[in-house]
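# Show me the folded form of this:
(2 chains)
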Amino acid sequence: GAGVSQSPRYKVAKRGQDVALRCDPISGHVSLFWYQQALGQGPEFLTYFQNEAQLDKSGLPSDRFFAERPEGSVSTLKIQRTQQEDSAVYLCASSLSRDSLTFNQPQHFGDGTRLSIL
Amino acid sequence: KNEVEQSPQNLTAQEGEFITINCSYSVGISALHWLQQHPGGGIVSLFMLSSGKKKHGRLIATINIQEKHSSLHITASHPRDSAVYICAVSFKDDKIIFGKGTRLHILP
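I've put the predicted structure just below:
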């Protein structure tokens, strides 16, 4: 389909392992967002890319979290030395917004990756 | 810090009832979003609005910028409307802050 695709859909890892979550945005979408959603809570902002540039990473909870989008399309969120509190759904969204004149385009969300840390 | 507050947190209603979900926020925004999240995680954007009122099928969203308040209405509710409805606000830099959501359950 033409929507935002995230993989894997589910990930179970042991505490201390590293994990990598992938997001394929809609083709041509300039902006890409990562959110973390804990059980029963609304999503919370993690980081934001415009093309390959990471413009805002203020929401990343620790230096164990790292995101990249090297070619301005696919993005990977990596979590090192996972902890139990990292268990959450990680949502990716993309939009056409590319500058101050085109901000506030609708964001299109993927189905998320449900991460469980044992 | 901008807070986004939704009410109620949970709502159970009978099929056919008129549903209202409220959202309030504390600072100036560029746009307000209403999102629908079904079990399993997928989020669908229902409305994005910065003033007035929008309607799509049985869904109506309104916003009062002066009062920093928005409502989402569902007319003739149906069990398939059961989902979590999330209010979110965005700013000039496109960053979005989400409310905690309202869990709606429509009984047949």
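
# For residue 61, grab the count of nearby residues.
Chain wasn't specified; assuming chain A. 13 (other C-beta atoms under 10 Å in any protein chain shown). In short, each C-beta sits where N, CA and C put it, glycine included.

# Chain B, not that one
For residue B:61, using other C-beta under 10 Å, the count is 23.

# Identify the bridge partners of it.
Residue B:61 forms beta bridges with residue B:54, residue B:72, as assigned by DSSP bridges.

# quick one: pLDDT of residue 38?
Answering for chain A, as no chain was given. Residue A:38 carries a pLDDT value of 91.

# that answer is for a different chain, and I need it for chain B
86.

# thought it was touching residue B:83?
Yes: contact criterion C-beta atoms under 8 Å: residue B:38 and residue B:83 qualify, at 5.0 Å.

# These two: which has the busier surroundings?
residue B:83 (20 against 13).

# so who does that one touch?
B:36, B:37, B:38, B:39, B:104 (C-beta atoms under 8 Å, 6 or more residues apart in numbering or on different chains).

# Give me the neighbour count for the fourth one.
Summarising burial for residue B:39: neighbours were counted as other C-beta under 10 Å, giving 8.

# Now do the SS call for it.
Following DSSP: H, G, I helix; E, B strand; the rest coil, the label given to residue B:39 is coil.

# Distance check, it against residue B:103.
Residue B:39 sits 10 Å away from residue B:103, going by C-beta to C-beta, to the nearest Å.

# now do the second one
Going from residue B:37 to residue B:103 by C-beta to C-beta gives 10 Å.

# And the pLDDT for the closest residue to residue B:74 other than its chain neighbours?
Nearest residue to residue B:74 in three dimensions, chain neighbours excluded: residue B:19, at 4.0 Å (C-beta to C-beta, 6 or more residues apart in numbering or on different chains). Looking at residue B:19, its pLDDT is 97.

# Next, count neighbours for residue B:19.
19.

# any idea how far it lies from residue B:58?
Taken as C-beta to C-beta, the span from residue B:19 to residue B:58 is 9 Å.

# Quick check: neighbours shared by those two?
B:74, B:77, B:81.

# quick one, what contacts the second one?
When contacts are counted by C-beta under 8 Å, 6+ apart, residue B:77 touches B:13, B:15, B:16, B:17, B:18, B:19, B:58, B:106.

# now with 10 Å?
Counting by C-beta atoms under 10 Å, 6 or more residues apart in numbering or on different chains, residue B:77 touches B:11, B:13, B:14, B:15, B:16, B:17, B:18, B:19, B:58, B:104, B:106, B:107.
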